[in-house]
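> got a sequence here, can you build the structure:
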Amino acid sequence: MKFIIGIGGVTNGGKTTLTNRLLKTLPNCCVVHQDDFFKKPDQIEVGEDGFRQWDVITALDMEAMINTVKGWQENPVKFARSHGVSLSPEAEEAGSEEKGIHILIVEGFLIYNYKPLIDVYDKCFYISIPYEECKRRRSTRTYTVPDPAGLFDGHVWPMYLKHRKEMEDNCDRIEYLDGRTSKEEIYNKVYETINNSLLNSL
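Alright, predicted model coming up:
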């Protein structure tokens, strides 16, 4: 049985923290991080706002991302092995046969803004935090390409609002999570929801 979970959210909302915790506790679990599909800096256009457009879907190679998800769908055992994920003895013995549960987490900030990807999820989560908290967290992070002055207010937050509206119009199956609650609370809620869904699917 194959099960795909979407973990979306605003920048610095806690997506990666939640994903990493789930990876340790869910069986035969792999992850696809949207951030791994950013194009090279010289391929990122400068917009009318004067900033390089990192926070838009065209900054990402979504075709490559979809192909990665398809690779997992075609053979989760092979995918797990090639990504260094240890499988349960049951899954290992089955080889390429589909035995047991195989889980894929798709994690990123625009995972519900690309139609071909929306259709693959069995469960959708989205972590949001308010403007002030988001700006505070973002200012404490160090990025490979550092944020130029004014980027958050001039590009990041306006794009988040635009894409959130688009996402709400595109996908009505999302369960929203408050990123201000404790990491433990968010994890417990998501883990329980996933477990219930898996039990109901068996």
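> now do residue 120 against residue 140, distance only.
33 Å (CB to CB, to the nearest Å). C-beta coordinates here come from the backbone N, C-alpha and C atoms, glycine included.
> between these two, who's got more neighbours?
residue 120 (17 against 7; other CB atoms under 10 Å).
> tell me the SS of the more buried one?
coil (DSSP: H, G, I helix; E, B strand; the rest coil).
> contacts only, for it.
Residue 120 is in contact with 4, 69, 73, 106, counting by CB atoms under 8 Å, 6 or more residues apart in numbering.
> gap between the helix or strand where residue 168 lies and the chain center?
Following DSSP states H and E, one finds residue 168 within helix 157-170. Put simply, helix 157-170 sits 16 Å off its chain's centre (CA atoms, centre = their mean, to the nearest Å).
> elements contacting that helix?
helix 131-139 (3 or more CB pairs under 8 Å, 6 or more residues apart in numbering; DSSP states H and E).
> just the pLDDT for the residue nearest the centre of the chain.
Nearest to the geometric centre of the chain sits residue 107, at 1.2 Å (CA atoms, centre = their mean). You'll see residue 107 listed with a pLDDT of 98.
> rewinding a little: narrow the contacts of residue 120 to those in strands?
Among the contacts of residue 120, the members found in strands (DSSP state E) are 4, 106.
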